[in-house]
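J.: Got a predicted model here, sequence first, then my questions.
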Amino acid sequence: MKRFYFVIIISIVILLINDGAFSKEIEIGGDSPDAIKTIKVGIEAAKSGDTLRLLPGTYNEEIIIDKNLKLIGSDPKRTIIDSTNDGLAFLRPGYSVTILGLTFKAAKYGININKAETDAVIKNCIFTHCKNAIYFSDTSDIGLDNVKISIENNTIVYCSGTAIYINGQYSKEEIIKIKGNIVAFNNGYGMFFNRIESPNMTHNNVYSNTNYNYYGYNEGGDSLSKDPLFVDEEGGNYVLLHNSPCKDKGPVGLESYTDPDGSPNDMGAYGGQASAPFWPYGGKGGGPVITDLHVTPISVPKGHKITIKAKGTVQ
């Protein structure tokens, strides 16, 4: 009898620690001869629950998700997934994935989720020049009650189609959260909903999308429709200007809904605590990077003047 109970206890312990307890971080990119160069190879090497940390660079590949993972970029401006098909695709149900700090450029879909029973957190990413940025469609009779998708603090601009497309049957507010996003200048719809009853949607700025800003559901609470005022949108710099209407207007109510300096959450990819490693406004995330500095004259007598000229870029 004692042996029987011993076996049961060991079995329970194995079940508890099997998935995630021994998760590791895998670095992708870099110049080392031993470095993993592609996300695909990183996923193949990863186990369920691992984190793939992408170093700065452009990854020309389509990512297929087939296990529970975290994909964390170094900085959405400098960590880019540029695919000729989908940027990232879920082809089978049942996976849980966190995607943070990346830019998606894709000929088709930035992120394509076409199966129910999927958990996805899409946060602090930039989607630009995709056909559709975030595309979720499940036409089965299962419904989406086993799905949890959080789309928070992303910047979705200049896509040829729809920014956020959601098609499926569900009615619970906690199923899909869409908060703190900037959705602007896309050539289709800003947000398209089909067969959706009550999305949890607040504090978004949806502006100047060619078809309509919203289809199938009205804007959520505390949302805007104003020019976001980026630093240099033509140059692909989607940091907010100091006078942007999206500053301090992101989601509220949780500690994670504040910026790294403790101020209220900004909308877009550079808002919220998760943006701390690449926050471009000073404080924990660092400030502008000085790229050129000139001092003239080199030396002067005490009390005389010098001229300092500097050039810099926003991180």
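T.: Ah, there it is.
J.: Please report how far residue 166 lies from residue 99.
T.: From residue 166 over to residue 99 the distance is 16 Å, taken as CB to CB, to the nearest Å. Where you see a C-beta, it was placed from the backbone N, CA and C, and this is true even at glycine.
J.: Repeat that for residue 207.
T.: 24 Å.
J.: Also residue 244?
T.: 24 Å.
J.: Looking at those two now, which is surrounded by more residues?
T.: Comparing residue 244 with residue 99 by other CB atoms under 10 Å, the one with more neighbours is residue 99, at 26 against 21.
J.: who touches the helix or strand where that one lies?
T.: Assigned by DSSP states H and E, residue 99 belongs to strand 96-100. With contact meaning CB atoms under 8 Å, 6 or more residues apart in numbering, strand 96-100 is reached by 65, 68-73, 88, 90, 111, 118-125, 274.
J.: for the record, mean pLDDT for it?
T.: Summarised as a single mean, pLDDT over strand 96-100 is 94.
J.: Stretch 106-115 now?
T.: According to the model, stretch 106-115 has a mean pLDDT of 85.
J.: Could you check how many residues crowd around residue 300?
T.: Counted with other CB under 10 Å, residue 300 comes out at 10.
J.: whoops, residue 276 was the one
T.: 15.
J.: Check for me that it belongs to a helix.
T.: Yes - judged by DSSP: H, G, I helix; E, B strand; the rest coil, residue 276 forms part of a helix.
J.: how close does it get to residue 58?
T.: Residue 276 is 24 Å from residue 58, by CB to CB.
J.: Equivalent analysis for residue 309, please.
T.: In terms of CB to CB, residue 309 sits 32 Å off from residue 58.
J.: More neighbours: the two, which one.
T.: Neighbour totals were compared for residue 309 and residue 58, and residue 58 leads with 13 against 9 (other CB under 10 Å).
J.: tell me the SS of the more buried one?
T.: Secondary structure for residue 58, judged by three-state DSSP, is strand.
J.: I figured it hits residue 80, correct?
T.: Yes - if you go by CB atoms under 8 Å, residue 58 and residue 80 touch, sitting 4.5 Å apart.
J.: Just give me the neighbour total for residue 296.
T.: Count around residue 296 with other CB under 10 Å applied: 9.
J.: who's in contact with it?
T.: 306, 307, 309.
J.: Report the beta-bridge partners for it.
T.: With DSSP bridges as the criterion, residue 296 is bridged to residue 307.
J.: where's it relative to residue 46, distance?
T.: Taken as CB to CB, the span from residue 296 to residue 46 is 53 Å.
J.: what's downstream of the lowest-mean-pLDDT helix or strand in the chain, the next helix or strand?
T.: Taking mean pLDDT, DSSP states H and E as the measure, the chain has helix 2-17 as its least confident helix or strand, at a mean of 43. Next helix or strand after helix 2-17 toward the C-terminus (DSSP H and E): strand 25-28.
J.: what mean pLDDT does stretch 75-90 have?
T.: Rounded mean pLDDT across stretch 75-90 is 91.
J.: Extract the CA atoms of it and return them as PDB.
T.: Extracted in PDB, the C-alpha atoms of stretch 75-90 (Å, rounded to 0.1, in the frame of the first residue of the first chain):
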ATOM      1  CA  ASP A  75      13.000  46.900 -29.600                       C
ATOM      2  CA  PRO A  76      10.200  47.100 -32.200                       C
ATOM      3  CA  LYS A  77      12.100  49.600 -34.200                       C
ATOM      4  CA  ARG A  78      15.200  47.400 -34.500                       C
ATOM      5  CA  THR A  79      13.700  43.800 -34.400                       C
ATOM      6  CA  ILE A  80      11.700  43.200 -37.500                       C
ATOM      7  CA  ILE A  81      10.000  40.200 -39.000                       C
ATOM      8  CA  ASP A  82       9.700  40.800 -42.700                       C
ATOM      9  CA  SER A  83       7.900  37.900 -44.500                       C
ATOM     10  CA  THR A  84       6.700  37.300 -48.000                       C
ATOM     11  CA  ASN A  85       3.700  35.400 -46.600                       C
ATOM     12  CA  ASP A  86       2.400  35.500 -43.000                       C
ATOM     13  CA  GLY A  87       4.700  37.000 -40.300                       C
ATOM     14  CA  LEU A  88       3.500  34.600 -37.700                       C
ATOM     15  CA  ALA A  89       0.800  31.900 -38.000                       C
ATOM     16  CA  PHE A  90      -1.100  29.500 -35.700                       C
END
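J.: how far does that stretch sit from the chain's center?
T.: Centroid separation for stretch 75-90 versus its chain: 11 Å, with CA atoms, centre = their mean, to the nearest Å.
J.: ok, now stretch 181-199?
T.: With CA atoms, centre = their mean as the basis, stretch 181-199 stands 16 Å off its chain's centre.
J.: Good, we can wrap up now.
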